[in-house]
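A.B. asks: Just a sequence and a predicted model for now, questions to come.
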Amino acid sequence: MFDERELNRAAELLASSEPVMIFGHEWPDGDAIGAVLGLGIALAEKGKRVQMSWPGPLEMPQKYQFLPEIEKLVASRELRPEGIAIAVDCATEDRLKELKEVAFAAGGLINIDHHPDNTRFGSVNLVDETAAATCEILYAICEKLGFAVGYEAALCLYTGIVTDTGRFQFSNTTAGTLATASGILSKGVKPNFVYENVYQSNSLAYIRLTGEVLTRAVYDEDLSFVYGWIKQEDLKKFGVRLYETEDLIDDLRALKGHVIAAVFKEQPSGAIRVSVRSRLECDIGSIARKLGGGGHRVAAGYTSARGTLEEAVEELKGEIIASGRSGNS
Ligand SMILES: [Mn+2]
């Protein structure tokens, strides 16, 4: 857990400043979206003027569009430095992209995050790497600072926790995570409502794309490494947006015996973005950092410096071997 003095400094900043700008990272996942909206709603209910945003387009996967207050999100270009800024679920200041300047020019920058490689870039840092999700930290902060978490904020925070813990199945799920979830359910959140929206709202096009990716998946038994790929032509063929493919890696992870899973995604620029996951015995986060990315021990990502998909696959295999993982060791 983070320092109580940091929490007190955050409380002072929040009490004395307005508006409160809350920023997630580009192409936000469920935790970042839940954190921006959940904290924004909780502060607004306390009478605070809030501005919620993230860099890049305010687009998000369809599965998160059931969340409240989405229409209040403000495009990054409309923001000027005023009040204070809060960065949520951002390991580094660079995750803020074009909002970085606004965030640092504000009257204070509170960094709330759970990534182990968080650089403490804020003027106040509430970083707890033992938390499963930024939304889990936010629930604790709201409770401690007396910001009542009502149904709508709870719904957002719950969504962040459910998605970052793989529905409470990943190794980051702790007794504390479930205690937080329990507190949230007491606010009236219905697990099946979130489940149906987040996990049972895929388009047929997406399910068919998944089928294609799984059909051609490769398993390197020596490295216990399973991987798949999505090219721009696949997205075109099936009519799926790249940011909607965040969870596809979990389907590959159903494979018995695998330790590392990856999905290589060709970006519109041609660059290869790689999502990687591992079982607890392998630190995929440090491999991703070696390749210029970042993340957690068991969930990370990076953009390959290599030109082609094939080269990116070889690059990752090389790093897996270099890390000592081969021959099912
Ligand atoms: Mn997160």
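C.D. replies: Structure received.

A.B. asks: In contact with E18: list those residues for me.
C.D. replies: E18 makes contact with K48, R49, G83, according to Cβ atoms under 8 Å, 6 or more residues apart in numbering. In this view, the C-beta of every residue, glycine as well, is placed from N, C-alpha and C.

A.B. asks: next one: T173
C.D. replies: When contacts are counted by Cβ under 8 Å, 6+ apart, T173 is found next to A132, T165.

A.B. asks: Is it in a helix, a strand, or coil?
C.D. replies: coil (DSSP: H, G, I helix; E, B strand; the rest coil).

A.B. asks: and the residue of the chain found nearest the ion, what is it in contact with?
C.D. replies: Closest approach of the chain to the ion (Cβ to the ion) occurs at D31, with a separation of 3.4 Å. Contact analysis of D31 by Cβ under 8 Å, 6+ apart lists D89, A133, T134, C135, G160, I161, T163, D164.

A.B. asks: doesn't C135 make contact with the last one?
C.D. replies: Okay, so that is D164. Yes: the pair formed by D164 and C135 meets the contact definition of Cβ atoms under 8 Å, at 7.3 Å.

A.B. asks: Look at these two and report which has more neighbours.
C.D. replies: Between D164 and C135, counted using other Cβ atoms under 10 Å, the more crowded position is C135 (36 against 27).

A.B. asks: Run through the neighbouring helices and strands of the helix or strand hosting that one.
C.D. replies: According to DSSP states H and E, C135 maps onto helix 134-145. When contacts are defined as 3 or more Cβ pairs under 8 Å, 6 or more residues apart in numbering; DSSP states H and E, helix 134-145 sits against helix 4-16, helix 30-45, strand 109-113, helix 151-164, helix 175-185.

A.B. asks: Redo these as TSV? Include distance to L252.
C.D. replies: Shown next, in TSV, are the helices and strands packed on helix 134-145 (distance: least, Cβ to Cβ, whole Å):
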stretch	distance to L252
helix 4-16	39
helix 30-45	19
strand 109-113	27
helix 151-164	17
helix 175-185	24
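
A.B. asks: Quick one: neighbours of T119, just the number.
C.D. replies: By the criterion of other Cβ under 10 Å, T119 has 16 neighbours.

A.B. asks: wait, what's in contact with it?
C.D. replies: A91, T92, E93.

A.B. asks: Could you export these as TSV, including pLDDT and neighbour count?
C.D. replies: Output for those, formatted as TSV (pLDDT from 0 to 100; neighbours: other Cβ atoms under 10 Å):
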residue	pLDDT	neighbour count
A91	96	22
T92	96	18
E93	97	17
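
A.B. asks: restrict these to those near the ion?
C.D. replies: Residues shared between those and the neighbourhood of the ion: none [Cβ under 5 Å from the ion].

A.B. asks: Show me the residues you listed that map onto strands.
C.D. replies: Within the contacts of T119, no residue falls in strands by DSSP state E.

A.B. asks: does K237 sit in a helix or strand, and which one?
C.D. replies: Here K237 is assigned to helix 232-238, by DSSP H and E.

A.B. asks: Equivalent analysis for F193, please.
C.D. replies: Per DSSP H and E: helix 191-199 holds F193.

A.B. asks: And R273, by the same measure?
C.D. replies: Using DSSP H and E, R273 falls in strand 272-278.

A.B. asks: Mind listing the strands that strand pairs with, and their directions?
C.D. replies: Strand pairing for strand 272-278, using DSSP bridges, gives strand 260-266 (antiparallel), strand 299-303 (antiparallel).
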